[in-house]
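sequence first, then the predicted structure, then my questions.
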Amino acid sequence: MRKATVLLAVLLSCVSAAYGQAPSAANASLTVIRAGSLIDGQADAPTKDQLIFVRGHYVEKILGGNTPIPADAKIIDLSSATVLPGLIDSHTHIFLWGEDPGKGGYDANILRAGIALRAARATYACRRALEQGFTTLRDVETEGAGYGDVEIREAIQEGTIPGPRLFCATRGISSTAGYNLEGYAPELVMPKGVQIIDGPVEARKAAREQLDQGADWIKVYMTHRSWLDREGRLLSQPTLTVEELRAIVDEAHGWGKKVACHAYNGIGLQRGLDGGCDSIEHGLEMTDAQIEQMARQGTWYCPTISVYYSDWAPEDTPAGKRDRARALVHETTFREALKVRLKIVYGTDVGGFPWQESEAQEFRRMVTLGMSPMDAIRSATSRPAEMLDSQGLLGVIAPGAYADVIAVRGDPLKDIGELENVKFVMKDGLVYKNELASK
Ligand SMILES: [Zn+2]
C-alpha cells in the first residue's frame, strides 16, 4: 500500500513538471478581455476602457479600447465591470472545517474525520476559494492532515480538481505543550495538529523533513494558549525558543524558502522577531518597539482580523472576556501598523471559520479600520506576490503575468464590499466563472 502511494507521487510529480512548461507563445490561443475599468494591482488609480490580451496562460499586453482585435481572438466582454488581478489570501487552512464549539470545535477536525473526508473537504475549500476570486492561497499548515496540502496542490496542477495556486506549509511546527489536541486524560497519547519538536536539533530536522516533502513555506507557532491576567492584559504562552526558531529559519532560508510565525504578543512574538521570521501571523498586540523592529527587518504582517470576531465564548466567562480583549488590542495594533506603513498582506485564517462564509469579508474589516480600499486590494495582490517571490507573475495584470483575472460589477474603490461578490474568475488563462456574459 505504501509503495503504491510513493509510485503515485512520482507519477504525479512528472505530470506536474510537464504542466509547468510554458506553452510556446506562437501556437497558444488568444483571448481578449475588454475591461470597463482596470485595477491592475499595482497602480494608484484604475484605468478605463482597456483591452487585456491573454495568450495561453499569460497576459501578453494591455492596450487601449480602440485597438483592433485580431479576428481569431476570443473576446470576453467585461466592459461594464471592474477588472482586477486574481486575489491572494496569505493565510488559509484548506484542511480545517471550522472550529464551532457547538460542532466539537477544533478537535472534531481531527477526531471525527478520516483522511478521505478531510481531502474531500479540502477539495471543496479550494473550489470555494477560486469561485470567490482567490486564485492563490498561502495555506499555512494542514492541522494534522500531514502532507495532504502538497497532494491537493498536485491535483490542482494536473487539472484533476479546480483550485487556486497553493503555496503549502505542510505540517506546521510547535513545541511540547504548544498545540492541540490537549486537555485529555494524561494517560492518552493524542494526535497533534502540528509536528512537535523540542530543541534546535529536532527543530532543524522537522524543517528538513517538511522541505523534503514539498513545503513552500515553513509555519511555526511562537505562541499558543492565551488568557487575561489580573489587570485584564492579554498574555500568550510562548512556545519555541529563539534557538529553535533560528535553526528552522536557517534551514528554510538555505532552501530559499521562508518562515511564517504565528504569534499573538509578548515574549513569543519577540522571540519570533529575534529569531528572524519572515512573516508575523495575527500579531494581535505589538509594542511600538516590536513594530519598529518589524519595519527594520522587513517582516511581513498578516493580521487576519475577522477570524477573531467568530466563536466568542459568553461575555461573562474568562474565555469570553479574553476573546473580546483580543479583538480590541488587534484593532489598535492594526491601526498602528497602518500608520508606520508596515508591509501588510491580506489573510483570513479561513478554515478557522467555515469555508461557506465569505473569504472576502476581511476587506471590509481592513477598510473600516482605516486602510484605503486601494491599499486593501494591493494587500491581496501585488504585496503578497512580493512576499511569495512572485513579483510580476502574480497579483498584477501586466505583460508576462499569469492570466489570473477577476471582475466585479461595481466599483470596489467606492464600496469594498463589491469584492464579496466576484462575478468573473479566470485562472491561468482558463475561465472558471462568468456571470457577466449575458445581461
Ligand atoms: Zn491560521
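Yes, it's here.

rest of the way, CA atoms for contacts and neighbours
Fine.

now Lys343, nearest residue through space, not along the chain?
Excluding its sequence neighbours, the residue lying closest to Lys343 (C-alpha to C-alpha, 6 or more residues apart in numbering) is Trp300, at 5.2 Å.

that neighbour: neighbouring residues, count only.
Neighbour count of Trp300, defined by other C-alpha atoms under 10 Å: 21.

how about the one 3 residues further on?
Under the neighbour criterion other C-alpha under 10 Å, Pro303 is assigned a count of 28.

and for it, nearest residue in space, chain neighbours not counted?
Nearest non-adjacent residue to Pro303 (C-alpha to C-alpha, 6+ apart): His282, at 4.2 Å.

can you give me the pLDDT of that neighbour?
Note on His282: pLDDT of 98.

quick check: bridge partners of it?
Under DSSP bridges, the beta-bridge partners of His282 are Ala263.

how close does it get to Glu357?
20 Å (C-alpha to C-alpha, to the nearest Å).

tell me which of the two has more neighbours.
The neighbour count for His282 versus Glu357, taken as other C-alpha under 10 Å, is higher for His282 (24 against 11).

for the more buried one, give me its contacts.
For His282, the contact set (C-alpha atoms under 8 Å, 6 or more residues apart in numbering) comprises His262, Ala263, Tyr264, Tyr301, Cys302, Pro303, Thr304, Ile305.

do Arg365 as well
Arg365 neighbours (C-alpha under 8 Å, 6+ apart): Ile305, Ser306.

tell me which element it falls in.
helix 361-368 (DSSP states H and E).

for that helix, the distance to its chain's centre please.
Put simply, helix 361-368 sits 16 Å off its chain's centre (C-alpha atoms, centre = their mean, to the nearest Å).

which SSE is immediately downstream of that helix?
Once the chain leaves helix 361-368, the next helix or strand it forms, by DSSP H and E, is helix 373-378.

what residues does that next one touch?
Taking C-alpha under 8 Å, 6+ apart as the rule, helix 373-378 contacts Gly41, Gln42, Asp44, Tyr346, Phe363, Met366, Val367, Gly395, Pro412, Leu413, Lys414, Ile416.

so how far is Gly86 from the last one?
Looking back up the chat, that one is Ile416. Applying C-alpha to C-alpha to Ile416 and Gly86 gives a distance of 15 Å.

who's more crowded, these two?
Neighbour totals were compared for Ile416 and Gly86, and Gly86 leads with 30 against 23 (other C-alpha under 10 Å).

ok, the more buried one touching Leu137?
No: judged on C-alpha atoms under 8 Å, Gly86 makes no contact with Leu137 at a distance of 10.6 Å.

and of the contacts of helix 373-378, the nearest to Tyr147?
Tyr346 (24.3 Å; C-alpha to C-alpha).

which residues touch the closest one?
Shown here is Tyr346, whose contacts under the criterion C-alpha under 8 Å, 6+ apart are 88-91, 302-304, 362-363, 376, 379-380, 384.

let me see the contact set for the residue lying closest to Gln213 once chain neighbours are set aside.
Distances taken as C-alpha to C-alpha, 6+ apart place Tyr147 nearest to Gln213, at 7.3 Å, with adjacent residues excluded. Applying C-alpha under 8 Å, 6+ apart to Tyr147 gives the contacts Thr170, Arg171, Gln213.

now those as CSV including secondary structure and neighbour count?
CSV is the format used below for these (DSSP: H, G, I helix; E, B strand; the rest coil; neighbours: other C-alpha atoms under 10 Å):
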residue, secondary structure, neighbour count
Thr170, coil, 29
Arg171, coil, 29
Gln213, coil, 12
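
not counting sequence-adjacent ones, nearest residue to Pro354?
Per C-alpha to C-alpha, 6+ apart, closest to Pro354 is Gly98, 4.5 Å.
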